[in-house]
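# For reference, the sequence and a predicted model appear below.
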Amino acid sequence: MAPILESISPNLIVDNVNASVDFYTKLLGFKLVASVPETGDFGWAMVQRDAVTIMFQSLKSMNEDVPSLTFQKGRTATFFIKLKGIDEIYASVKGKVKIPMDMRTTFYGMKEFVVEDPDGYYMMFAEDQ
């Protein structure tokens, strides 16, 4: 039997894991599901909303875990999150977060907008029309 890939969860390199968790939980509706340590200043944490999971790790922690690699944070990747209910998400964040690309409907039939998180990562939310 061939291996089956079950999921992918980005591990974003961030300045302050606690600040990232606060942004995603308080503004985007994610829930904290795991952290190291369990309380205090996190070196790593994971948040989830529905079927989407995102992990955050401090640059210091990542460099300690994998010293042979060079890491940096922000804008090295963008994330495309397909959902239902984009108007509700948009209304809940408008005026509270940076929105570098305002709501639009594309020629390929998606309604979408982009949120910038505190570390410069872009989260594109999109819904089929």
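Nice, I can see it.

# Any stretches of this protein with poor pLDDT?
3-5, 69, 71-76 (pLDDT under 70).

# Kindly list the longest helix within it.
Longest helix of the chain, by residue count under DSSP state H: helix 17-26.

# which residues touch that helix?
For helix 17-26, contacts defined as C-beta atoms under 8 Å, 6 or more residues apart in numbering pick out 12, 14, 30-32, 35, 41-45, 47, 54, 56-58, 97, 117-119. (Each C-beta comes from the backbone N, C-alpha and C, glycine too.)

# If you count neighbours, what's buried in it?
The neighbour-count check on helix 17-26 (16 or more other C-beta atoms under 10 Å) flags 17, 20-21, 23-24 as buried.

# likewise stretch 81-90?
Within stretch 81-90, the residues scored as buried using 16+ other C-beta under 10 Å are 81, 86, 89-90.

# Quickly find the element holding the closest residue to Asp102 other than its chain neighbours.
Nearest non-adjacent residue to Asp102, counting by C-beta to C-beta, 6 or more residues apart in numbering: Phe113, 5.9 Å away. Phe113 belongs to strand 110-116 when assigned by DSSP states H and E.
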